[in-house]
Structures are given as C-alpha cells and as structure tokens.
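J.: predicted coordinates and the sequence they were generated for:
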Amino acid sequence: MPKAPPDNSRDPPWDWNKSIIISIKPKWAEAILDGKKMYEYRKVIPRKTETPFEMKIYATAPVQKIVGDAGIDKIYSGSVEKIIDKTSNFVPHTEKEIREYFDGSKKAHAFSIAYYRKFDEPKELDGKAPRNFRYLEEEEAE
C-alpha cells in the first residue's frame, strides 16, 4: 500500500530533478491521493525519465489544478492481460474499464505508486496543461 512520505520528506532514493506533471481525471487523482489506487495506467510512458521519479498530479476539468504528487518506483509494461493480472486488485477500476482504456494499444503500462501526498491547497499550473504528461524543469519541480 502506498503511503504519504514521513514529514513530507524528500530524502533519497528519489531524484527530485526527475519529475513529470501528468494529467489525470479528478476522480482518479483523488483515488491516488486517498491511497485507493496503487497504479496509474498509461498508454505512453516518459522516455527521458527512469524510475524512481516524482509525478505531479494535475487534476483535469473541472478542478484544473495540481492537487498532489506521487513517487513512482517502477513502471510495468506488457500486454493488457499481463498488466491486469499484476495490478487489478490494487486499483478501483473494473477490468472492463482497464480494457476500454487500453483498447487499440499494443502495449500497456502501469506506474507503481510508492508514495503519495495530497496538497493542502491545490496549486495553479503555470502554462498549458499537458495532454498526457510533460517533463518539469528543476524550478517547476519544487
């Protein structure tokens, strides 16, 4: 089960210069930040970022703010069947929802969430919201 970092600590092994911001529907962002969703599904993964890395969570409309962050310790990739077998007991999604999300994809990916932190006050996004994700510069990762 993922957990919040003790005292909001940013100690190793996390390399906080390796960060992305990711767009997530508000109900799934909330599920991550409530500890109910231990994997985030993606059709595309960041090629320039190796695990572990930090993921800023941007909740899409109607929230449209950065609502928290999460530490990603592994990315699992494979067939939809393989990803469902590995992760479906640890997410609030139904198997049908997972299959529909990956429909037409040759490969499925699941980010393993090692920790999460919900911000007391959601933060405004500087610039345009990512369609999927984007890499953050060091000053944006703060």
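T.: The structure has been received and is ready for your questions. Numbers count the residues shown, from 1 in each chain.
J.: in the chain, where is pLDDT below threshold?
T.: Within the chain, the stretches with pLDDT under 70 are 1-17, 137-142.
J.: where along it do the helices fall?
T.: 26-33, 80-87, 95-102 (DSSP state H).
J.: please identify the deepest-packed of those.
T.: helix 26-33 (a mean of 20; mean count of other Cβ atoms under 10 Å). Quick note: C-beta positions are derived from backbone N, CA and C, even for glycine.
J.: quick one, what contacts the closest residue to residue 131 other than its chain neighbours?
T.: Among residues not flanking residue 131 along the chain, residue 23 sits closest, at 6.7 Å (Cβ to Cβ, 6 or more residues apart in numbering). Counting by Cβ atoms under 8 Å, 6 or more residues apart in numbering, residue 23 touches 58, 60, 129, 130, 131, 132, 133.
J.: roughly how far does residue 50 sit from residue 93?
T.: 26 Å (Cβ to Cβ, to the nearest Å).
J.: wait, doesn't residue 38 sit right on residue 86?
T.: No. If you go by Cβ atoms under 8 Å, residue 38 and residue 86 don't touch, sitting 10.7 Å apart.
J.: between these two, what contacts are shared?
T.: With Cβ under 8 Å, 6+ apart, residue 38 and residue 86 have no common neighbours.
J.: what's the local residue count around residue 58?
T.: Counted with other Cβ atoms under 10 Å, residues neighbouring residue 58 total 23.
J.: from residue 106, how far off is it?
T.: 26 Å.
J.: one more: residue 59?
T.: Applying Cβ to Cβ to residue 59 and residue 106 gives a distance of 28 Å.
J.: quick check: buried residues in the strand ranked longest in the chain?
T.: For the chain, the strand that runs over the most residues, judged by DSSP state E, is strand 108-123. For strand 108-123, the neighbour count (16 or more other Cβ atoms under 10 Å) marks 108, 109, 110, 111, 112, 113, 114, 115, 116, 117, 118, 122 as buried.
J.: mind giving me the packing neighbours of that strand?
T.: Where contact means 3 or more Cβ pairs under 8 Å, 6 or more residues apart in numbering; DSSP states H and E, strand 108-123 is packed against helix 26-33, strand 39-42, strand 65-78, helix 80-87.
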